[in-house]
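Peer 1: Below: sequence and its predicted model.
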Amino acid sequence: MVSRLHHKSSSGAPGSENGMNVVGPGDRLAGHAMVVLLGIVVAAAALVFWQLYMQTSDLYNEPERIYGWGALGRDLPAFALLLVPIAIGMSLSARAIQLGSRRGRLAAGLNTVVLFGVGFLVLDAAVHELVRSAPDWVAWPLLVVAAAIAGVAFVVASRSAGGNRRAEPTPRGPRPAWRHRRSLALALAGLVASLAWLAIAQSTLTASTAGFVRANLPGTVVINVNTPGTYFVYAEKSAAAAPEGLAVEVVSDGGASLAVSNFAGGPAYLRDLRGARPVASFSAPVPGIYRVSASVSPLYPRGTFAVGPSVAGWMTPSIWGADLVLLAAVGLAAWVDARDGRKDSRYAAAGTVT
């Protein structure tokens, strides 16, 4: 059996010593840069569960699924999560190139190809969330945009590596070759914060709607109104997919029938991982007891309905806040990385980096 090892030369590239090859740190980093791409599988699985929880998955029926800017805002952090393994892989590839490893450019190229594929899939998913029936030709400009993003990322990684090829630790500053770790940590912190914010907001919404009065279809609920105002009837579970909505009747405690308005609202919240949407509304003019009866034809098995206040726009502040946190963190990370890059260049020009 022939033992194949690689010797680390002064530049970190493979060499030979006494007839044996020793693996250098550059080659090891290049290997890590390719292995870390397996994290995309984990991120993709997380995206599937995230979209189910955020009610944006295409596994939902059309009336249950959230579309538009609201859907894109909910999914933006999960889309960004897909790019984390690639960003780490690019950083490791740049370090490997700095150490003179030929495998570093191979790893950078592989990360670039994966970035192209993931970038196209993310862009395509985003477009179809904004436009339900996007034309097929949209895929071609998306391919061009994804290729441009991947190409820019490869050039930036290569130039970063080339500019600091001879960088070593110095008393005057951090190790330039590892400066990307700080910016990656900042971006990752913002990503985790935005995911946590949206997950907590969605959980809070689900918990608040759990307090609505509800019944199986067909059925009747009694709601005790303390605050006069407009109340909504929500079709839940399988009934949310009913194209004609619910037939609703509302009777006050005195026996008077109240006017009921049909309401063609979009999906509002989740109930046992099924969508719920408002289908009718009525005005309760005074405090008191109101009986709300609902039925749907044909009968939808396991369908329920609920009565409660409006939750329209409930998630909007959290969506904006979480996305702004993510974008601010990414912007700060880019600024820190650029600042450290300029600092490294000044050190090198002054002769402090050898």
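Peer 2: Sure thing, it's come through.
Peer 1: tell me the contacts of the residue nearest the centre of the chain?
Peer 2: Closest residue to the average C-alpha location of the chain: Ala78 at 1.6 Å, with C-alpha atoms, centre = their mean. By C-beta atoms under 8 Å, 6 or more residues apart in numbering, Ala78 lies in contact with 46-47, 50-51, 54, 195. Quick note: C-beta positions are derived from backbone N, CA and C, even for glycine.
Peer 1: hmm, which two among those residues are most spread apart?
Peer 2: For the contacts of Ala78, the farthest-apart pair by C-beta to C-beta is Gln51 and Leu195; their separation is 12.7 Å.
Peer 1: neighbour count winner among the two?
Peer 2: Gln51 (22 against 19; other C-beta atoms under 10 Å).
Peer 1: the longest helix in the protein is where?
Peer 2: For the chain, the longest helix by residue count, based on DSSP state H, is helix 316-350.
Peer 1: Quick one: low-confidence residue ranges for the stretch 101-250 of the chain.
Peer 2: In the predicted model, the stretch 101-250 of the chain carries pLDDT under 70 at residues 160-180.
Peer 1: Apply 80 and report the result again.
Peer 2: Counting by pLDDT under 80, the ranges of the stretch 101-250 of the chain that qualify are 158-181, 243-245.
Peer 1: just the strands in it please.
Peer 2: Under the criterion DSSP state E, counting those that start in this stretch, the stretch 101-250 of the chain contains strands at 213-216, 219-225, 229-236, 247-252.
Peer 1: Which residues does the last one contact?
Peer 2: What it means is strand 247-252. 233, 257-258, 260, 279-280, 282, 288-297.
Peer 1: List the pairing partners of it within its sheet, with orientation.
Peer 2: Strand 247-252 sits in its sheet next to strand 257-258 (antiparallel), strand 288-295 (antiparallel), going by DSSP bridges.
Peer 1: Ranking the ones you listed by mean neighbour count, which comes first?
Peer 2: Among the strands paired with strand 247-252, strand 288-295 has the highest mean neighbour count (mean count of other C-beta atoms under 10 Å), at a mean of 18.
Peer 1: So what touches that strand?
Peer 2: Under C-beta under 8 Å, 6+ apart, the answer for strand 288-295 is 215, 217-225, 233, 246-254, 258, 282, 284, 305, 307.
Peer 1: Quick one, which of the strands paired with strand 247-252 gets closest to Arg181.
Peer 2: Nearest of those (C-beta to C-beta): strand 288-295, 57.1 Å.
Peer 1: What segments of this protein are helices?
Peer 2: 25-35, 39-54, 68-98, 102-130, 139-163, 180-209, 316-350.
Peer 1: do you know how far Gly275 is from Ala241?
Peer 2: Using C-beta to C-beta, to the nearest Å, one gets 8 Å for the distance from Gly275 to Ala241.
Peer 1: of those two, who's got more company?
Peer 2: The neighbour comparison of Gly275 against Ala241 (other C-beta under 10 Å) goes to Gly275, with 26 against 17.
Peer 1: Can you name the residues bridging to that one?
Peer 2: Leu270.
Peer 1: pLDDT at it, what is it?
Peer 2: Gly275 carries a pLDDT value of 90.
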